[in-house]
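1. Have a look at this fold, sequence not included:
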Ligand SMILES: [Ca+2]
Ligand SMILES: [Ca+2]
């Protein structure tokens, strides 16, 4: 059985990813999130907006490919939890997720995510601003107020780890920020 914290972390992400609130994750949800992100970064320009939209849709494709066990083209809460809370299955997919995520959080491909991009992305997904800032700080930003993509990827693996509690990712769960 996952820890209470692990179950709450997975539930929170599913709820946020389901941007249109229909109870399933589909590419349409990620398109909605991408548009929110582009709107939040008007200075990024049209080309950057298109690239970000493409990165979100790649992320959606990766999620569906890895998590859609029954092949109906969408991810149910059961399909989501079954994979992400099983380290044996999630670790195999984690590198794919990290690469797809890096496409969004590290648009210039230097291996680092700056705070502004991190905040914009996580805000678009629906996390609360104070929780996002606390998480970024917990990742130990280096010079230039940025974190290595690999640190974020490792944080995501921890986030879904069924046995972990009291980790950086717990800062994202409402009421847990401190
Ligand atoms: Ca949905
Ligand atoms: Ca499915």
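-> That came in fine, so what should we check first? Nothing here was measured: the structure is a model prediction, and the numbers come from that model. Ligands and ions are numbered 1, 2, ... in the order given.

2. Now do the helix ranked longest in the chain: everything it contacts.
-> Secondary structure of the chain per DSSP state H: the longest helix is helix 45-67. Contact with helix 45-67 is made by 25-27, 29-31, 33-35, 37-38, 41, 44, 73-75, 79-80, 83-84, 93, 96-97, 100-101, 103-104, 107, as judged by Cβ atoms under 8 Å, 6 or more residues apart in numbering. Where C-beta positions appear, they are placed from N, C-alpha and C, glycine not excepted.

3. Make a ChimeraX selection of the buried ones in those.
-> In ChimeraX, this line selects whichever of the contacts of helix 45-67 come out buried by 16 or more other Cβ atoms under 10 Å:
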select :25,26,27,29,30,31,33,34,35,37,38,41,44,74,75,79,80,83,84,93,96,97,100,101,103,104,107
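
4. can you list the residues of this protein near ligand 2?
-> 68, 70, 72 (Cβ under 5 Å from the ion).

5. Using PyMOL, define a selection of the buried residues within the residues you listed.
-> A single PyMOL command selects the buried members of those (16+ other Cβ under 10 Å):
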select buried, resi 68
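
6. could the residues of the chain next to ligand 2 be laid out in JSON lines, adding distance to ligand 1 and pLDDT?
-> Shown next, in JSON lines, are those (distance: Cβ to the ion, whole Å; pLDDT from 0 to 100):
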{"residue": "68", "distance to ligand 1": "13", "pLDDT": "95"}
{"residue": "70", "distance to ligand 1": "16", "pLDDT": "96"}
{"residue": "72", "distance to ligand 1": "13", "pLDDT": "96"}
